[in-house]
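> Can you look at this prediction? I've put the sequence above it.
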Amino acid sequence: MSQIKLIEFIEKLATVFDETNPATIDADTKFKELDEWDSMKALSLIAMADDEFNLKVRGDDIRNSVTVRDLFEKINR
Amino acid sequence: MAAFKIEHIKISGIAACIPETIQSNIDNPVFLPNSAEDFINTTGVLERRVADCDVCTSDMCYAAAEKLLDELKWDRSEVDVIMFVSQTPDYILPVTSAILQDRLHFSNECLAIDMPLGCSGYVYGIANISSIMSAGKLRKGILCVGDTPSKTVSLKDKSTQPLFGDAGTVTAFEYSETASPMLFHLGTDGSGYKTIIIPHGGYRNPVNENSFGTRKIAEGIERNSCQLALDGMDVFSFGISQAPKTVNALLQHFGLNKEDTDFFVFHQANMMMNKMIAKKLNLPAEKVPHSLKRFGNTSSASIPLTIISELRENCTSHEKIKWIFCGFGVGLSWGTVYVETAGLVCPEIIEI
């Protein structure tokens, strides 16, 4: 499996948060503290990772991540 | 690999029974303010049916079986096997299938067995009943499949209470030398056993005074240890990955063609998951029926309930229909079956 670049991941993750200005989302963004974050958004995030990158995101990956970079490092195995 | 073929068994009819009581999600008090709409849009569940206190899964299966046996005009003494697939049996013991054998006036020469499975239960049920009937040349068999998940969830749990609905179904099988083979692919991943679980009440964690203390898991999610715990993210992650894999495994193993298959009926987990699964398999919408909107996730009953609620007229016509059923979930467990039917006896949905 090819390594996905962090910047690609951030770009696609920003599309999940459709009510948030994508320019404000970067590697250090605490994604679970965004206004739009809820359990439905978590599912959209899992769907995005699967659809765009063929990467599996588990509940613990999301629960144990604070920043976008944390999540990226956990799932980009 | 649990991929196998069963010959000489055909499906003769299917019936479904649901409770009369409807619970809507629009004004469901379990939701945080302004969250109901989001939930309904994501899961597709507008409303569910909820059984009364004195109605068990077996009662719904009983009502469906009475109607189906009546319309099939079967001699009940010829029913050689009854199987009951459910995670909400009448009692911890004895098996509910024995109670149903008696209620339905089947002979004492009838085999009765329970199978405690959920989402994958319908496919596992078909695999088991058809295997035993084929091996033993048993004439007639009744597969009862259903659940009352509403009795297992916490009313203060927004991840489960608004998702699940109750239903009981019955599928009738007959031995027939000319039946087309049923083709199966079944699998398990027990490492995910905690993903969907009722932690207390078995023998690992017997019920004690702490079992009934309600704990706050997260905002809007409160439950005790005798209530259903569902890890929504893990279930979703599992479903969108495993369901397409098992369908593809079946197609590949048996050299089947998606284009030749008329309908794909998936366990009704939630709309977002189900749509993703259909998209990954490249299935056109008209081949993939859903029943989430009016019934929610009805556990093991979801596949037969969807068939009856959405495709009853197709089933009863004499044209041959080629189906793939795919169930996936609690266990974690999954099963896919390819089956052909024609001229099924399918009463209208029964309400009790």
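Right, received. Where do you want to start? Residues are numbered from 1 along each chain as shown, chains lettered A, B, ... in the order given.
> Every contact and neighbour count from this point should use C-alpha atoms.
Noted.
> What residue in chain A comes nearest to chain B?
Closest residue of chain A to chain B, C-alpha to the nearest C-alpha: A:G59 (4.9 Å).
> Which residues are in contact with B:P19?
Counting by C-alpha atoms under 8 Å, 6 or more residues apart in numbering or on different chains, B:P19 makes contact with B:R49, B:V50, B:A51, B:D52, B:M60, B:D166, B:A167, B:E351, B:I352.
> Out of those residues, give me the one that has the most neighbours.
Sorting the contacts of B:P19 by how many neighbours each has (other C-alpha atoms under 10 Å in any protein chain shown) puts B:A167 first, at 33 neighbours.
> Might one say that B:I129 is in contact with B:M83?
Yes: counting by C-alpha atoms under 8 Å, B:M83 is a contact partner of B:I129 at 7.0 Å.
> more crowded one of these two?
Legend: neighbour count by other C-alpha under 10 Å for B:I129 and B:M83, higher for B:M83 (26 against 21).
> Same question for the more buried one, what's its three-state structure.
strand (DSSP: H, G, I helix; E, B strand; the rest coil).
> Can you list the low-confidence ranges for chain A?
A:1-3 (pLDDT under 70).
> Apply 90 and report the result again.
Applying pLDDT under 90 to chain A picks out residues A:1-5, A:18, A:38-40, A:76-77.
> Just give me the residue closest to the centre of it.
For chain A, A:L13 is the residue whose C-alpha lies nearest the centre (C-alpha atoms, centre = their mean; 4.7 Å).
> That one and A:T67, how far apart?
12 Å (C-alpha to C-alpha, to the nearest Å).
> Need the residues that contact the host helix or strand of B:V235.
Per DSSP states H and E, B:V235 falls inside helix B:232-254. Residues from elsewhere that reach helix B:232-254 (C-alpha under 8 Å, 6+ apart): A:42-43, A:46-47, A:56-59, B:3, B:159, B:183-186, B:195-196, B:256-258, B:273-274, B:276-278, B:280-281, B:326-329, B:334-337.
> how about 6 Å then?
Helix B:232-254 has contacts (C-alpha atoms under 6 Å, 6 or more residues apart in numbering or on different chains) with A:R58, A:G59, B:H185, B:I277.
> strands paired with the helix or strand following it, and their directions?
Using DSSP H and E, the helix or strand that directly follows helix B:232-254 along the chain is strand B:263-266. Partners of strand B:263-266 in the sheet, by DSSP bridges, are strand B:321-329 (parallel).
> For the strand it pairs with, which outside residues touch it?
B:119-120, B:261-267, B:334-341.
> ok, and for the lengthiest helix in chain A, which residues are buried?
Criterion DSSP state H: the longest helix present in chain A is helix A:39-53. Neighbour counts over helix A:39-53 (16 or more other C-alpha atoms under 10 Å in any protein chain shown) mark A:M40, A:K41, A:A42, A:L43, A:S44, A:L45, A:I46, A:A47, A:M48, A:A49, A:D50, A:F53 as buried.
> ok, which of these also contact chain B?
Among the buried residues of helix A:39-53, not one lies near chain B by C-alpha under 6 Å from any C-alpha of the partner chain.
> Contact residues of chain A facing chain B?
Residues of chain A lying near chain B (C-alpha under 6 Å from any C-alpha): A:R58, A:G59.
> repeat that with 8 Å
With C-alpha under 8 Å from any C-alpha of the partner chain as the criterion, chain A meets chain B at residues A:M40, A:A42, A:L43, A:I46, A:A47, A:K56, A:V57, A:R58, A:G59.
> distance of the last one from B:I221?
Pointing back at A:G59 there. In terms of C-alpha to C-alpha, A:G59 sits 16 Å off from B:I221.
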